[in-house]
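Student: Predicted model follows, preceded by the sequence.
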Amino acid sequence: MILLHDNKCDFCGTCVGVCPENCIDLGEAELNIDHQICTMCYKCVWICPVEALFAEKVK
Amino acid sequence: MSFKDSYDIIVVGGGPAGCMAAYAAAKENVSVLLLEKDRDIGSPVRCAEAVGKDGLEKILEDNINPRWIAATIKKFQFVAPDGTVIFPQVPMTGYVLHRKLFDFDLGLLAANSGAKIVTKAYVNYLIFENDRISGVHVRINGVQHIIKSNIIIGADGVESRVGRWAGIDTTVHMKDMETCAQMTLANLPLDDDTCVFYFSQKRFPGGYGWVFPKGNKTANVGLGISGDRARSDSASARLESFVHDHFPDASILNKTVGGVPCANRLPKISSEGILLVGDAALQANPISGGGIATGMTAGKIAGNIAASAIKSDNISADFLKRYEKEWDTACGNAQKRYYRLKEGIRKLSDEQLNKTAHVLKDIPQKKQTLVKIFQTALIKQPGLLVDIMKTLNPFS
Ligand SMILES: Cc1cc2nc3c(=O)[nH]c(=O)nc-3n(C[C@H](O)[C@H](O)[C@H](O)COP(=O)(O)OP(=O)(O)OC[C@H]3O[C@@H](n4cnc5c(N)ncnc54)[C@H](O)[C@@H]3O)c2cc1C
Ligand code: SF4
Ligand code: SF4
């Protein structure tokens, strides 16, 4: 599952632009990923300018 | 705050592209609503704020407010990976803007022409009726609303989803997304009329570093790197070390991050009932990443065409395609050329960049034209020269 360090995110939207599934929802200061749709492609993790996103294995 | 439940045109996003679209349409006496998710028009600023003077004057028909201008740029410097400096002769004047004031005034322009602007309004889906777009779902101050319209102009920036909801694929490829970080630094020893660009595949892979002065010993200092080369070190980590090495004594007044699509002209930027403008349509100059002027140009064209579509009661994909045609004449065709050129530049190694700088260093400064620079740099890729000759300058 892709998770967010809330305190690192600057809400810049770069991850939204590259997400192939269009499953990142970014309000004024709120980011949510639709984990049902996310394919764990990691593009958002790699593009983020401040390393705010990370992947965590769910049991 | 009051708004109607239907408008002729809804613009999603209140950046330069959206404000120009709303302004151009409202001027034609159609009803326009602009929805912006942030609480302010004009902030936060995620931009190095550089723009060409001639281009801006053309778009705004010479109505340039001096309060927008932080610095006037007459000179340019390119710094090669080994530190060799060359002085390209670019026959143009540039501005470094105060975008907070600039964007705010563009919002004002739209509002005073009759467009209704609502902030803290987050568009979270489109409404479809019989497969046709007929409005937006929007959360305003935490409350969900439905607002109808015949045409939507998607001006929702790099984080655009409007196009994709409407079935136009605007996903940015990793190699075409520049991931950027920037600081506004104070107490810098600088020439207030000179923009400095740093090139190095090691430090700025697939991108460049910049120092754009803003007057009073301040400057926007930042860098962008290509998304497909960002896995090892993020843009902000790279910027920390760049600033540490070059400006250890400066104070940091502001820090920001963001992405710029540096892409080819998309195959499609309009469809029935929808037009995309600015970063939402991936319209920034793919070499420089400059998207203020291109976004405003697109916004102006799209606003005009949307208004005439409403007036002539024809919102078909065919009619709205006029926007794409006018966009190509204004910038879209150039975008394709710049994109090819960018693909060539991406391949230059640090060794080639250094060699180029050494050759150029020895010719008189007056002769260091951009064409000469690219000719020298791309000596092994002569095919690209044809494109370069057609390319006036990459910093438009
Ligand atoms: C670090 C950096 C440096 C740059 N430097 C330069 C430069 O020096 N010169 C230059 O010309 N360009 C530069 N650019 C590019 C430039 O900033 C953009 O191209 C330009 O802002 C694009 O304008 P726009 O109106 O298309 O989008 P934006 O200015 O991004 O505006 C989009 C707006 O839409 C809003 N929005 C998004 N989604 C929604 C939604 N669902 N509902 C409601 N509102 C929404 C956003 O809040 C935003 O206000 C730079 C970019 C970056 C990141
Ligand atoms: S790219 Fe990073 S900082 Fe920007 S919105 Fe996405 S998670 Fe936040
Ligand atoms: S991992 Fe891929 S699909 Fe999932 S949110 Fe990130 S970019 Fe989108």
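Tutor: Sure, I can see it. Ligands and ions are numbered 1, 2, ... in the order given.
Student: Just want the most central residue of chain B.
Tutor: B:G291 (1.6 Å; C-alpha atoms, centre = their mean).
Student: Quick check on the nearest residue to it once chain neighbours are set aside: phi, psi?
Tutor: Spatially, and ignoring its direct neighbours in sequence, B:G291 is nearest to B:A284 (3.2 Å; C-beta to C-beta, 6 or more residues apart in numbering or on different chains). C-beta here means a position set from N, CA and C on the backbone, and glycine is covered the same way. When read as degrees, to the nearest 10, the backbone of B:A284 gives phi -70, psi 160.
Student: what sits against B:A284?
Tutor: Counting by C-beta atoms under 8 Å, 6 or more residues apart in numbering or on different chains, B:A284 touches B:V260, B:P261, B:C262, B:A263, B:G290, B:G291, B:T294, B:G295.
Student: Quick check: the fourth one is in a strand.
Tutor: No - checked against DSSP: H, G, I helix; E, B strand; the rest coil, B:A263 lies outside a strand; its state is coil.
Student: That one reaches B:I287, doesn't it?
Tutor: No - contact between B:A263 and B:I287 fails when scored by C-beta atoms under 8 Å: they sit 11.5 Å apart.
Student: Comparing the two, which shows the higher neighbour count?
Tutor: B:A263 (23 against 20; other C-beta atoms under 10 Å in any protein chain shown).
Student: how about that one, what does it touch?
Tutor: B:A263 touches B:V172, B:H173, B:D176, B:L282, B:A284, B:P286, B:Y339, counting by C-beta under 8 Å, 6+ apart.
Student: What about ligand 1: which of the residues you listed touch it?
Tutor: Contacts with ligand 1 within those, as defined by C-beta under 6 Å from any ligand atom: B:A284.
Student: quick one: which of the contacts of B:A263 sit in helices?
Tutor: Those of the contacts of B:A263 mapping onto helices are B:Y339, per DSSP state H.
Student: which of the contacts of B:A263 count as buried?
Tutor: Buried by 16 or more other C-beta atoms under 10 Å in any protein chain shown: B:V172, B:D176, B:L282, B:A284, B:P286, B:Y339, out of those.
Student: For the third one, give its distance to chain A.
Tutor: B:L282 sits 9 Å away from chain A, going by C-beta to the nearest C-beta, to the nearest Å.
Student: and B:Q144, what element?
Tutor: strand B:143-154 (DSSP states H and E).
Student: Tell me the buried residues in that strand?
Tutor: B:H145, B:I147, B:S149, B:N150, B:I151, B:I152, B:I153, B:G154.
Student: likewise stretch B:27-42?
Tutor: B:27-28, B:30-38, B:41-42.
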